[in-house]
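Engineer: What follows is a predicted structure for the sequence shown.
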Amino acid sequence: MDNSFWNSLVSALGRFLLPRYNRNKKVNSNIQRTTFLLLATWGFWGFSIFGLGFLIYFIIRFNRIDGVCVGILSVCPAAGLLFYVWYRNTYVEITPTYILRRDFFRLIDKIEYRRIRTFGYHEVKTGGSNFEDGLYLEGPYNEKGYPGDGVQVHNLWANYGYVLGQLAFRILNARWADPESEEDQAQVKEYASSGKARRVCLKYDGMVFPENDNKLGKEKE
């Protein structure tokens, strides 16, 4: 099985496990981790301590070894370690310049906004005013004629709206926002906070940005 299979699987698991409170959360860091994985780590290790305590109790009180406690001590520490490694290895980094995702296998997907060739955006209404939506950003074609750099993000990440704002800025202003310009960055954030970015990205879903579209050159070869 190739990396694309594992990337898709880990991405799906990450989407399922990611806590929803990230949706509108303000973060001080550009790096966002899956908090649930850390909670699972503490849970397994806490259960291990619980099992160890009962095992000692059974040895002292009944002079025998309890099989359930032994099973807990055999599984839970390793499971806690696995979830901790998962927590440390996986994250999303959203900056004014690029988006980076690293999965459980330490494989990295990264793309700069200025390198985006096209994007795919989908939105599903889940009830009331709540929406589940996802975004896939695709870079120029590589030497083999396949899409190059690409990153998949979704609305459960804290800074997801900022990415939509970057796309909306490019669509509406026919240029990418300058990461060093306070005016450009303020406009990107305004598009995101007002909901305009979401409407624009839905309307222009699948748009190809000509400055990064090298598909014609590949076809001529």
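Structural biologist: Thanks, I have it. Residues are numbered from 1 along each chain as shown.
Engineer: Helices of this structure, residue ranges please.
Structural biologist: Remark: helices assigned in the chain by DSSP state H are 3-17, 35-62, 67-89, 160-173, 182-194, 196-203, 215-220.
Engineer: among those, which is the most enclosed?
Structural biologist: Greatest average neighbour count among the helices of the chain goes to helix 160-173 (a mean of 22), per mean count of other Cβ atoms under 10 Å. The C-beta positions use only the backbone N, C-alpha and C, and glycine is treated the same way.
Engineer: Give me the contact list for it.
Structural biologist: For helix 160-173, contacts defined as Cβ atoms under 8 Å, 6 or more residues apart in numbering pick out 23, 94, 99, 113, 116, 119, 121, 135, 137, 153-155, 176-177, 184, 187-193, 196-198, 200-201, 204, 207, 209.
Engineer: how near is I56 to G80?
Structural biologist: 19 Å (Cβ to Cβ, to the nearest Å).
Engineer: for Q185, same thing?
Structural biologist: Distance of Q185 to G80, computed by Cβ to Cβ: 40 Å.
Engineer: and if you look at L107?
Structural biologist: In this view, L107 and G80 are 23 Å apart by Cβ to Cβ.
Engineer: Kindly report the same for G120.
Structural biologist: 37 Å.
Engineer: do the same with Y141
Structural biologist: Relative to G80, and taking Cβ to Cβ, Y141 is found at 43 Å.
Engineer: And V92, by the same measure?
Structural biologist: Separation of V92 from G80 (Cβ to Cβ): 23 Å.
Engineer: likewise F104?
Structural biologist: Distance of F104 to G80, given as Cβ to Cβ: 15 Å.
Engineer: quick one, what contacts the residue lying closest to I59 once chain neighbours are set aside?
Structural biologist: In this structure, I59 finds its nearest non-sequential neighbour in I65, 6.5 Å apart by Cβ to Cβ, 6 or more residues apart in numbering. Neighbour list for I65: 55, 58-59 [criterion: Cβ under 8 Å, 6+ apart].
Engineer: Any chance of CSV for these, columns pLDDT?
Structural biologist: What follows is the contacts of I65, written out as CSV (pLDDT from 0 to 100):
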residue, pLDDT
L55, 77
F58, 74
I59, 79
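Engineer: Many thanks, I have nothing further to ask.
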